[in-house]
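S.K.: everything below, folded, please.
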Amino acid sequence: MKITAIDTCVLTVPTPKPMALNYPHHKLVIAEIATDEGVKGLGYSLAFNGGGAEAVHTYLETRLKPALLGEDPRLVERLWEKMFRVDMGVRKQGIAGYALSAMDIGLWDIVGKLAKQPLYRLWGAHSDVVSAYGSGGWSSYSLNDLLGEAEKYAAMGCRYYKMKIHHPDPRENAKRVAAVHKVLGGKARMMVDVNQRLDVLGNVRQAELLEEFDLLWYEEPVLADDLDGYAEVAKKINIPIAGGENHFTRWEFKQLFDRKAIAFAMPDVCRACGFSETLRIGKLAAAHGVQLTPHLIHETSIHVVGALANGFLVEFMDWAPPDLWQELPQCKDGQFRIPERPGHGMALARGAIEKYRSR
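M.R.: You can find the predicted model right below:
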């Protein structure tokens, strides 16, 4: 079996309100992998707010695509290593990590289709149902937008809701958290996301104002590069730390685990070098007593969480228009039942490429 063609493109997809108040669109970098036996795999990476999508597409098209053409797609581990070692002067983080992710996801889609199994079963299958948390709550939201979103996810049965805390005054952030906590009325537990905006002292001050709300986690307190800062915050505040959406390899996560810097690991399958590396990260997390809660991409992340015993939650952002995917998994009673379709089970809707293609 050989890879005969890889068709790539960029899709620019508008978002609905209230998300559009912060991010008017997202971009998907698509890789459709064809084989000489007629089996095709869909790979993609989500560039949130579109940042860097064209650069990801260029690296995928010019460096990784030539490395895979003519290869046997069933040899996923070997091809992952080949892609990871293309251009050894370019670390497979950032742009290159996104590109490798799209290819790896597409390869695994082929393997699942050949095996006639959904990926979570192919990987061992711990559970066919995965719980979700509602996510959003950006700083550009009015208070009414924020409360309405939290109530929407609670009405869908989500027992967890995550909001951003981006205001420069920590007291203002605490007021917004208090308002959401009150409207949820015990229906859902809360998490907050700093998005790398504070230093250690700023996080200590902010966390002290939030302890009364019994938060499940406190996310991305400092710059992703500041691993020691992560560890220092973890030691100084009384809320568990989550992080990892901007870490790309098992080696980065190992440094977080060795420092006891996070209680919840959040690799993104579209950034962390695909399914292959995300699975490795998840298993490494288990060895350190850390739960796996992948960042975004719930429609494919459910397979990783469903495969591993330490899989906990997927992040649910209800943003995709109905004409983007053929069949998007539905959240019912706060959970996703993993589809039994072979591979990752996702396919673009007819006409989606023509409608949303921007490159």
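S.K.: so what's the gap between stretch 334-345 and the chain middle?
M.R.: A distance of 16 Å separates the centroid of the chain from that of stretch 334-345, by Cα atoms, centre = their mean, to the nearest Å.
S.K.: start and end of it, how far apart?
M.R.: Stretch 334-345 has an end-to-end distance of 20 Å (criterion: Cα to Cα, to the nearest Å).
S.K.: quick one: contacts of it?
M.R.: Residues outside stretch 334-345 that contact it (Cβ atoms under 8 Å, 6 or more residues apart in numbering): 41-42, 105, 108-113, 115-120, 128-132, 156-159, 275, 298-300, 302-303, 306, 314, 316, 327, 329-330. Heads up, the C-betas are built off the backbone N, CA and C, glycines and all.
S.K.: where does pLDDT dip in the stretch 101-250 of the chain?
M.R.: Filtered on pLDDT under 70, the stretch 101-250 of the chain yields no residues whatsoever.
S.K.: now the helices for it?
M.R.: Assigned by DSSP state H, counting those that start in this stretch, the helices in the stretch 101-250 of the chain fall at 119-122, 143-155, 170-184, 200-208, 227-236, 250-258.
S.K.: now do the buried residues in the last one.
M.R.: Right, the one you point to is helix 250-258. Under the neighbour-count criterion of 16 or more other Cβ atoms under 10 Å, helix 250-258 has R250, E252, F253, L256, F257 buried.
S.K.: how about CSV for these, with distance to V29 added?
M.R.: Listed next are the buried residues of helix 250-258 as CSV, based on distance: Cβ to Cβ, whole Å:
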residue, distance to V29
R250, 23
E252, 22
F253, 23
L256, 27
F257, 29
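S.K.: closest one of those to G51?
M.R.: Proximity of these to G51 (Cβ to Cβ) peaks at E252, which lies at 19.9 Å.
S.K.: can I get the helices of the stretch 101-250 of the chain in a markdown table with distance to P73?
M.R.: What follows is these, written out as a markdown table (distance: least, Cβ to Cβ, whole Å):
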| stretch | distance to P73 |
| --- | --- |
| helix 119-122 | 14 |
| helix 143-155 | 38 |
| helix 170-184 | 45 |
| helix 200-208 | 44 |
| helix 227-236 | 35 |
| helix 250-258 | 23 |
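S.K.: what's the most buried one of those?
M.R.: Counting by mean count of other Cβ atoms under 10 Å, helix 119-122 has the highest mean neighbour count of the helices of the stretch 101-250 of the chain, with a mean of 22.
S.K.: off-centre distance for that helix?
M.R.: 18 Å.
S.K.: which other residues reach that helix?
M.R.: Taking Cβ under 8 Å, 6+ apart as the rule, helix 119-122 contacts 108-109, 111-112, 115, 128, 275, 302-304, 306-307, 338, 343-344.
S.K.: the same query, at a cut-off of 10 Å, please.
M.R.: With Cβ atoms under 10 Å, 6 or more residues apart in numbering as the test, helix 119-122 has contacts from 105, 108-109, 111-116, 125-128, 130, 275, 279, 300, 302-308, 311, 338-345.
S.K.: and the closest residue to I105 other than its chain neighbours, its phi and psi?
M.R.: Nearest residue to I105 in three dimensions, chain neighbours excluded: G43, at 4.1 Å (Cβ to Cβ, 6 or more residues apart in numbering). Note on G43: backbone dihedrals following degrees, to the nearest 10 are phi -120, psi 150.
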